[in-house]
Structure formats: structure tokens, C-alpha cells
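Trainee: Give me a model of this one.
(chains A and B)
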Amino acid sequence: MNQQELIPHLFRTEYRKIVAVLCKRFGFDQIEIAEDIASETFLNATQTWSFNGPPPNPAAWLYSVAKNKAKNHLQRNTTFEAKVAPEIIYATDTLHENEIDLSPKNITDSQLQMMFAICNPVISPEAQIGLSLRILCGFGIDEIAEAFLSNKETINKRLYRAREKLREQKIKIEIPNAAEIDERLDTVLTTIYLLFSEGYYSVSQNQTLRKDLCLEAMRLCNMLIENTSTDKPQVNALFSLMCFHSSRFEARVDKNGELVLYDEQDTGLWNAELISQGGYFLKRAASGDRLSKYHLEASIAYWNTQKADTVEKWENILQLYNRLLQIQYSPVAALNRTFALSKANGKEEAIIEAEKLNLGDNQFYFALLGELYTGIDNEKAIRHFKKAFSIAKSNADKQAMQKKMDQL
Amino acid sequence: MDEFALIMRHEDGSKIASPEQMEIWMKATMDWIGGIAAQNKFVSGTGLLFDDAKVVHHNKMVTNGPFGEIKETIGGFIVVKAESAEEAAEFAKGCPVLGGEGNSMEVRKIAKRDGTH
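Mentor: Presented below is the predicted three-dimensional model:
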């Protein structure tokens, strides 16, 4: 690894470890100071290493500098003295209160605790993702702005307001107890999945960034699996789902950055290892008595990795969507369910169901109707494709509709 | 938008059909519910088992259930969202239970807890 590459790679990986420990230590009351100390450490590194090259153990150097900066701050902080000084007399067997513990265990614990603190419904989902990217993933403000197709000012404002809210609500930085953990996990998993979806579905042209978002989401989910108190079935189901989706990352986009439809994907580009991992975690998720929407989505994703057009595949996908829609309706699920219905029960029945969906402002609704009418009433099919074309937003979508019309 | 209970009245399937046939009915029922859910009109639903059913009479006597004529026993219900009982009845028409002569679906509006019902 040459010098130019060393720091960005280290920055993200080590920043998020250092900042999690410092944030947990300083609390939301002084979270900006925690972030500042972390950032200054890396500025220091850049300034020093540019002349002398990186030290033999870069991580240890960074931790040492971060610890000293934090210690200096804590010693200067008179409020801290007043609060903690009396306790130091009693806490003789614990680490001196000014010391920062950057052991692997404390790093992992701090990251988990920060995850629960940040993924809290008192701040908006965008703020949860933004703060997660910043503190849990070590993303820079620029990168976050690009991920959201926004600008630095907006992101900074969003993060500022989020920290204020968490401070104001006195949100505790801790892993919830066994009684509350399932409910609190819901929010965390929603945030992780939203983060993944940003990477997977975003229209940003930056392929590297999009992949990074997906990988980060998976890394955070994996942290939950590695920790016994959060290693729950729905967490494994979500991880499985993300493995299956990611397996098609290379095949989904062509050389020009255009989306390649499922039916046209080169299955040779599907990542077999990720598919296998997805299967492993889906099995692991098959425990307990709560069927989450992630279990259903992961199972659907599994069937989508089986390219063969069998009756079994589509009947299974149909029933999975039948149950998913009962738990949570979404237009996408309704459309996909109807498509699976056409494959399992036939186009005629699917057409009747499709006409009832009432999704008149959705380009994919008309694309589906076009598909269903193809071969049954081509004139109607063309009309629907035309409508889809007219309300389609991206060029890729328009081209896809044009292609369908040309084929008829 | 109101909520309506669609109550299925039919004879105990296990008495008249093979497991194969019951599996076919199960798929048909799940597809029917899925269709309603796809329209974002499904609220909840449950089957009511024919086993372990009891009837408690006005003299506190307890007998084995379920209650009623064979074809009128309640097998389950779902709750849907609809603008009117007529719309709810349209949803009910799709239930596979109606494939059996003598079976029926009862449509009842759910009482709102806002003191207006």
C-alpha cells in the first residue's frame, strides 16, 4: 500500500473506531468535541506522515495521539473535574477517568452502543443515516452529500440538528436491555436497510460510493450478528437479504452506467459466494417464532437468485409476497406480487388483479400492465407502454419502454 | 374509509376434503387475501379452529362447539378497509369458501372507538 492510499483507507476504518469510543466517552453533550478530536488526529497524521512517512504501526500511532488529545481536553475541562473528582476517590480499581480505552472490546462495544443511540426515532430517518455514515462508517461530509445527492451545507445542518435533538432528549448511549431490544432493533435495522438501499438503488453515477454504502450497511449488520445480545433471527434475515441483493451488483449496471434488467443480466457476473453466504444466513435466521418482513424479503431474494423459470419458483415468490403485503404494503411489492401471480396462475387472472391496483401515477404500473397484455391484447399493451414511457423519469427507463413497444 | 369484518361461514373442511384439496383451498385463500393486501386494503385476519371449540349456553352449560348449523359455522375472518359495505362485499365475493354450496360470507362494519358509531 503506497503512501497516497494509506491515509484514506486508514481514515475511514480507524476514524470510526476512535470516534465511537470518544463519542461514547464524551456523550451527546460534548459530541462535537469528540468528533473534533478524532478529526484533528487525522489532520495531525497527514501533516506528520507527509514528511516522515507513516510509522510502522499507523493504527497505534493514531490511537496514541487521539488518547493524548482527549486526555488534554478532559484535564482542561473544569466541569468534568467537578463532576468526576469525588468519584475518583472511590473508583481506584478502574482505569483513570482521563484515560481513553481503545481496546478492541471497547471499540466494538462503543460502536454498538452508538448504533443504538443514533438509530433513534426522535430524529428523522435521513438524519439517522447521515449520522451513522459520519460516526459509524467514518464518511466525510462530502461523501455523505454525494450519497444523498445534496450539498455540504444541508448535510452539516442536518447533522447539527440531529445532535442537538439527541442531546436535548438525553438519549443514552447504551445497548438496550433484553426486554426492549427487539423494538429498538427495528429502528436500527430500518436504518441499516435504508443505507443499503441508498447504495443499491441510488441514481448517483459514482459506482464506488454506491458499493461502499452497501458494504457499510452489511458491515454494521454483521456487527450486530457478532454480538450475542443482538444476534437475532431478523438481523440474520436482513443480512441474508443484503447478501442476495449484493450478489448481482456487478451484473446490474453495464459499462455505461445504465441499469440492466434482471432478465437480461449475465448470470456469470452474479457473485456465487455472496449467494452462498445469503443462504447460510437465511438458514441461521430460521429460528424463533417471529416472522419478520426481512425473512420474507430474503426468501424472495433467494428465489430471485434461481434464474430457472420454474412453477415452484413463482408459486413460492407469490406466496411470499402474499404474506409480505399483509405485514407491510408497498406499491413495489404489490407490482412484484402481481407479476409473480401472472407466472404462477396465468396472465388472465393477473390482469384482473392488476386493474384493481390503482397505481395510476407509477410508471412501473403501466410497464407491468404492458407486460401482462403482451400476447393477449397487443394494442392495449402498446397503450400501456406508451403511458409508462411518457411518465418515465430516467432515460434508461424510457429506452426500456421504447424497446418493448418496438418488439410488438 | 371504514373497516369491515368479512366472516367466513362454512363447514369444517377436514370433514369433507382430502389434505390435497385443503392445500388447494389454502393457496386460493392466500391468493385472495394477497389480492386484497396488494390493493392496500388488508388490515388483519385469522382462522378460527374447529378443534377445541366450546359453546357456553345461557344456563352456563358448556357443550362442544362450534356453534350453529354445519354450513354456518364460522371458520375465520379478515378485516378489510372499504368505503362501503358494498365495496366490502365485493372483496368477500373472491373468497374460495363461496365455492361450496351453502357456504356464505357475512360482512359487518367494525365499530369505531371514537364514540360516533
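
Trainee: residues near whichever residue of chain A sits closest to chain B, how many?
Mentor: Sorted by distance to chain B under C-beta to the nearest C-beta, the residues of chain A start with A:N322, at 3.1 Å. Every residue, glycine included, has its C-beta placed from N, CA and C. The number of residues packed near A:N322 is 25, by other C-beta atoms under 10 Å in any protein chain shown.

Trainee: In contact with the closest residue to chain A within chain B, which residues?
Mentor: At 3.1 Å from chain A, B:G34 is the closest residue in chain B, using C-beta to the nearest C-beta. Applying C-beta atoms under 8 Å, 6 or more residues apart in numbering or on different chains to B:G34 gives the contacts A:L318, A:Q319, A:Y321, A:N322, A:R323, A:L325, A:Q326, A:R337, A:L341.

Trainee: go with 6 Å
Mentor: Contacts for B:G34 (C-beta atoms under 6 Å, 6 or more residues apart in numbering or on different chains) come out as A:N322.

Trainee: same thing with A:I382?
Mentor: A:I382 sits next to A:M405, A:L408 when contact means C-beta under 6 Å, 6+ apart.

Trainee: let's see 8 Å
Mentor: Contacts of A:I382 (C-beta under 8 Å, 6+ apart): A:G370, A:M405, A:L408.

Trainee: Need the worst-confidence member of those residues.
Mentor: Lowest-confidence member of those: A:L408, scoring 84 (pLDDT).

Trainee: tell me what the worst-scoring helix or strand of chain B on mean pLDDT is packed against?
Mentor: Across the helices and strands of chain B, mean pLDDT, DSSP states H and E gives its lowest value to helix B:13-16, namely a mean of 80. Using 3 or more C-beta pairs under 8 Å, 6 or more residues apart in numbering or on different chains; DSSP states H and E as the contact criterion, the elements in contact with helix B:13-16 are helix B:19-38.

Trainee: The helix it packs on: how far from the chain's middle?
Mentor: 13 Å (C-alpha atoms, centre = their mean, to the nearest Å).

Trainee: And stretch A:50-58, by the same measure?
Mentor: Counting by C-alpha atoms, centre = their mean, stretch A:50-58 is centred 33 Å from the centre of its parent chain.

Trainee: same check, this time on stretch A:307-316
Mentor: Relative to its chain's centre, stretch A:307-316 lies at 29 Å (C-alpha atoms, centre = their mean).

Trainee: Averaged pLDDT, it. What do you get?
Mentor: On average, stretch A:307-316 scores 92.

Trainee: show me the contacts for residue 112.
Mentor: Looking at chain A here, since you left the chain open. A:I175, A:M223, A:L224, A:N227, A:T230.

Trainee: wait, I meant chain B there
Mentor: Contacts of B:K112 (C-beta under 8 Å, 6+ apart): B:D2.

Trainee: Tell me the secondary structure of it, please.
Mentor: When classified by DSSP: H, G, I helix; E, B strand; the rest coil, B:K112 comes out as coil.

Trainee: What are the phi and psi values at it?
Mentor: Main-chain dihedrals, B:K112, degrees, to the nearest 10: phi -80, psi 150.

Trainee: cool, A:L261 as well?
Mentor: According to degrees, to the nearest 10, A:L261 has phi -70, psi 150.

Trainee: pretty sure A:P176 contacts A:D182?
Mentor: No. Using C-beta atoms under 8 Å, A:P176 makes no contact with A:D182, being 9.0 Å away.

Trainee: out of the two, which sits in the busier spot?
Mentor: Taking other C-beta under 10 Å, A:P176 and A:D182 do not tie; A:P176 has more neighbours (17 against 14).

Trainee: how much space between the nearest residue to that one once chain neighbours are set aside and A:I129?
Mentor: Nearest residue to A:P176 in three dimensions, chain neighbours excluded: A:R184, at 4.4 Å (C-beta to C-beta, 6 or more residues apart in numbering or on different chains). For A:R184, the distance to A:I129 (C-beta to C-beta, to the nearest Å) stands at 17 Å.
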